[in-house]
Structures are given as C-alpha cells and as structure tokens.
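1. Mind looking at a prediction? Sequence and model below.
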Amino acid sequence: MGKTSVEQRKGKYLVVNQLTYPEAINERELQGIARGLVESLIPVHTEKNKKGFVLKSSIEGMISLQSYFSAVVSKSMFLDVIVQMAAIVKECEKNLMNVNNLMLDDQYIFLEPRTQNVKCIFWPIVNNQNGYTLSEFFQDLPSRTVFTKQEDHEYITNYLDYFKNHTPFSINGFEKYIFELIGKTVENKTHIPSGSIRVGDTSRFSKKAEEVKGNLSNIAYNPLNKSKVFEEPAFPYLIREKTQEKISVNKPDFRIGKKSSYCDYFVSNNNAVSRNHADIITRNRRYYIIDNNSTNKTYVDGRAIPVQKEIEIFSGTKLRLANEDFVFYI
C-alpha cells in the first residue's frame, strides 16, 4: 500500500491511503464494499489528486482496537475480538476479496463501544505494495494487550503455541482452534455472522469494571513478559476530544469544571465551561451526568439536558460541556 495516515478530530477518524505506482483501484472490490458484501467492512471512497488516487475511510462513534486493548482486557473480551476478526477474513475470502488488502493494524481496526462489534478497513486495490500477513497480525496481538490479572493466562501461552505448531497458517484451522480455547462458553458454533459472537458474559465492560473497582489491589499487566504495565483500577473514563487526554472517573461523584479547587477534573483554557459545570455519578453499576446549573449547558449526544436532573449515560456517549467535547467509556 501507499502512504497511510490517520487524522482524529472530535471523535471522528479519517484514514487516508495515497496509492503509489503500480497500485490501482480494484473496481470490483470497491463496488463490493459499497454494496455491503461484507457487513463488517467500513465504507471507503476514492478521490484523485496530483499524486494519483487516494482512498479515504471515515469512522465516527467508534474506538480503535489499539485503545480497546490498552485498557484492562479479559479472556472473553480478547477472544471475542479474535473470533470476529477470523469471521471477517473468511467473509472476504468467500467473496473472492484479497485478504492481504485488509488493514490489519490495531490503529485502523475499530469497535462500536455499545455493541463491541469489530469493523475493519479494506483497501480495494491491485498490486498491493505493502500487504499484511494474517499469521503475523494474530500472533502479535497479545503483545499489544493489557490483560486483567484476575484470570489464569495459560490460554495466552496456548494461543501463541498455535503459531509455532501450525505452518502454513490456515484461517479455518485457526478459527477452529479459537473455538477450542473458548470451550463450552460459545453456543452454536456454526453459521454465526461476523460481529455477533459473544464469548461468555462480557457485560459491556461495566461488570468487569465494577469487579476491578472493588479490588484495588488488581494490577493490569501483560503475562508475556510478566511485568507490570500500570497499577490502576478499571474505572470508567472520559476522552477529552481537544487533547485526547484520558480522564479516569475514579470517584462515585466526579465533578468537572474550570475551577481546580472545586473539581476532580478541571478544564483548562476554556472560559465557556463553568466553575463546577457537571457531575458524573456512579451508582449500582450505572452512570449518570448532572448539569450543575452551568452557564452554557451540558449536552448528551447533542441534546441539552435539564439542570440538576440525572441523565443516564453509557459507553460511547458523547458529552459536551459548553463547547468542550468528551466521550464517556466504561
């Protein structure tokens, strides 16, 4: 592939691929993506500039796999992503699409926060100058993941052993092996559409977050090198869109505003935000936001909320305090 870049702005990603000689657009694959032949492929469109053809893909309301795996990840969460990725590869093969054109990079693979469905970018090109290798992608994922300490990690060792003992790599054999790792927690292994498999009970992050919150001694780490990555309970968090700062909502009553002495997080360099603008409340594994009679209002998914009224929020909810944008994740 040519030069690929990603821009992130206000919760949106724009991934751009500038084609280089002798790469060219594969019209059949381009039309196949447009028709939705593979449901989990993100739409792409073409443009032409002085350097030739450019492929672009816009992503909104999703998080990258890189971000998802940088939080505390359980066995069920990790294997669910692997199963979905294997299903996407098989769907591409079924529709005679070159799987080497899948953007197999955790920066460019995305998840819908509410459903945890995986979405991929596929570049419809011929003469690909920089294709991705399936086996290398799957084998490398555990090294990029922060696993919860609360589980037995023998499955990671077994997962990596698969690549040593099975060459050449077969996506069908690999998928079968992943189902064996999952064991009896997956029902009806056949005819499962991509994005619909749920391994065990992930409970949309919230259950795991509360379990970790109740055990402050939990240390997230990567079992591949046995070293600690960070010591932090898995609290809900905010991403501040302007700075991409990650803000841990680590108190049952978490206040946000522009006055540091009043707030748990103060919004710097923005006079439109009130001194104690809003609170995020955690209660019984559910989450709410309250506007504290702010001057310029609080918005939830684009709608202004009433003053001093609890409004429930969920993973992926977009928040705006005056003109300052955040996304809430569990």
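-> Perfect, I can see it now.

2. Now do the buried residues in the lengthiest helix in the chain.
-> The helix spanning the most residues in the chain, taking DSSP state H as the definition, is helix 75-94. Neighbour counts over helix 75-94 (16 or more other CB atoms under 10 Å) mark 75-92 as buried. (C-beta placed from N, C-alpha, C; glycine too.)

3. Now do that helix, average pLDDT.
-> Averaging the model's pLDDT scores along helix 75-94 yields 93.

4. Quick one: distance of it to the chain centre.
-> On the basis of CA atoms, centre = their mean, to the nearest Å, helix 75-94 sits 14 Å off its chain's mean C-alpha point.

5. I'd like the next helix or strand past that helix.
-> On the C-terminal side of helix 75-94, the closest following helix or strand by DSSP states H and E is strand 110-111.

6. just checking, what packs against that next one?
-> Where contact means 3 or more CB pairs under 8 Å, 6 or more residues apart in numbering; DSSP states H and E, strand 110-111 is packed against strand 63-64, helix 65-70, strand 118-119.

7. if we go to 7 Å?
-> strand 63-64, helix 65-70 (3 or more CB pairs under 7 Å, 6 or more residues apart in numbering; DSSP states H and E).

8. what's the straight distance from one end of stretch 31-49 to the other?
-> Using CA to CA, to the nearest Å, the span of stretch 31-49 from its first residue to its last is 21 Å.

9. buried stuff in that stretch?
-> The neighbour-count check on stretch 31-49 (16+ other CB under 10 Å) flags Gly32, Ile33, Leu37, Val38, Ser40, Leu41, Ile42, Val44 as buried.

10. tell me the contacts of the last one?
-> Each residue near Val44 by CB atoms under 7 Å, 6 or more residues apart in numbering is listed here: Ile33, Leu55, Lys56, Ser57, Ile121, Pro124.

11. Got the phi and psi for it?
-> Taking degrees, to the nearest 10, you get phi -130, psi 160 for the backbone angles of Val44.

12. Also the second one?
-> The phi and psi torsions at Ile33 (degrees, to the nearest 10) take the values phi -60, psi -40.

13. Check the contact between it and Phe122; I expect there is one.
-> Yes - with contact defined as CB atoms under 7 Å, Ile33 reaches Phe122; the gap is 6.2 Å.

14. Now for those two: what residues contact both?
-> In contact with both Ile33 and Phe122: Leu41, using CB under 7 Å, 6+ apart.

15. Trp123: neighbouring residues, count only.
-> Trp123 has 27 neighbours, counted by other CB atoms under 10 Å.

16. go on, Tyr159?
-> 21.

17. what's the spacing between it and Ser74?
-> According to CB to CB, to the nearest Å, Tyr159 and Ser74 sit 14 Å apart.

18. and if you look at Val249?
-> 20 Å.

19. Ok, Asn127 next?
-> 41 Å.

20. Arg35 now?
-> Counting by CB to CB - Arg35 and Ser74 are separated by 36 Å.

21. can you give me phi and psi for Phe179?
-> phi -60, psi -40.

22. now swap in Asn172 and tell me
-> phi -70, psi -50.

23. got a list of what it touches?
-> Contact partners of Asn172, counting by CB under 7 Å, 6+ apart, are absent.

24. What pLDDT does the model give it?
-> 91.

25. Same question for Thr295.
-> For Thr295, pLDDT reads 94.

26. Would you verify that it is located in a helix?
-> No - assessed with DSSP: H, G, I helix; E, B strand; the rest coil, Thr295 is coil; it does not lie in a helix.

27. all helices of the stretch 201-330 of the chain, in order?
-> Remark: helices assigned in the stretch 201-330 of the chain by DSSP state H, counting those that start in this stretch are 206-213.

28. Flag the shaky bits of it, pLDDT-wise.
-> For the stretch 201-330 of the chain, the stretches flagged by pLDDT under 70 are 201-234.

29. What are the boundaries of the strands in it?
-> 220-222, 227-230, 237-240, 245-248, 253-257, 265-266, 278-283, 286-291, 298-300, 303-304, 311-313, 317-321, 324-329 (DSSP state E, counting those that start in this stretch).

30. Thanks a lot, catch you later.
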